[in-house]
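A.B. asks: Here is a sequence with its predicted model. Questions after.
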Amino acid sequence: YSGKKTSQAISDNIAQMIVKDFQSIPVVVEESMTVYDAICHMFLEDVGSLFVVDKQSLLSGVLSRKDFLRTSIGNQDLNKLPVHMIMTRMPNITYCTKEDTIIEVANKLMSRQIDSLPVVKKRKDGLEVVGRITKTNITRAFLSLADDHDL
Ligand code: ADP
């Protein structure tokens, strides 16, 4: 392989990387869960963000570690406060679909300065959460390139 062929092969490979092949399982909670329980859930599930769904199981919010820190240093009873009071809510949620490219996702993560996106399926009445893609998944995609090309 010449260097030119190799870099062409790498860029073809990058352009073809799609969410479906690198996404993780989403961790989802209901709007009525207390902040206290959601913090426990985040620890137990070992994730950096939780997705919130409404009664119809449609995406309604996102919760990050910073949302929990902000709430915890306030003077609120975390056992009485439901997560829907503190979450980032629709329509302000950045998301992707499983057919989107990893490059599109990386661009969204960087431009919005966030760590993860819900992977959604569009329904008539809203968005169904089918996956999660994070900076860790992007790093894994990056490493798969190194593997594929013996870097
Ligand atoms: P952390 O709090 O661990 O730094 P993020 O940088 O992902 O995590 O979150 C920063 C803020 O952006 C939080 O208020 C969070 O609710 C919000 N946020 C996280 N992910 C999304 C998303 N996909 N769409 C919109 N807002 C988001």
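C.D. replies: Here it is on my side, so go on. Residues are numbered from 1 along each chain as shown.
A.B. asks: For the lowest-mean-pLDDT helix or strand in the chain, which helices and strands make contact with it?
C.D. replies: Scoring the helices and strands of the chain by mean pLDDT, DSSP states H and E places helix 3-15 at the bottom, with a mean of 87. Counting contacts by 3 or more Cβ pairs under 8 Å, 6 or more residues apart in numbering; DSSP states H and E, helix 3-15 packs against helix 102-112, helix 135-148. Every residue, glycine included, has its C-beta placed from N, CA and C.
A.B. asks: Let me know whether the longest one sits next to the ligand.
C.D. replies: Right, helix 135-148. No: Helix 135-148 does not reach the ligand (Cβ under 6 Å from any ligand atom); its nearest approach is 8.9 Å.
A.B. asks: Using PDB, write down the CA coordinates of that helix.
C.D. replies: Extracted in PDB, the C-alpha atoms of helix 135-148 (Å, rounded to 0.1, in the frame of the first residue of the first chain):
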ATOM      1  CA  LYS A 135     -17.500  10.300  23.800                       C
ATOM      2  CA  THR A 136     -16.400   6.800  24.900                       C
ATOM      3  CA  ASN A 137     -18.200   5.300  21.900                       C
ATOM      4  CA  ILE A 138     -16.500   7.800  19.600                       C
ATOM      5  CA  THR A 139     -13.100   6.800  21.100                       C
ATOM      6  CA  ARG A 140     -14.000   3.200  20.500                       C
ATOM      7  CA  ALA A 141     -14.800   4.000  16.800                       C
ATOM      8  CA  PHE A 142     -11.500   5.900  16.600                       C
ATOM      9  CA  LEU A 143      -9.600   2.800  17.900                       C
ATOM     10  CA  SER A 144     -11.400   0.500  15.500                       C
ATOM     11  CA  LEU A 145      -9.800   2.500  12.700                       C
ATOM     12  CA  ALA A 146      -6.400   1.900  14.200                       C
ATOM     13  CA  ASP A 147      -7.200  -1.800  14.300                       C
ATOM     14  CA  ASP A 148      -8.500  -1.900  10.700                       C
END
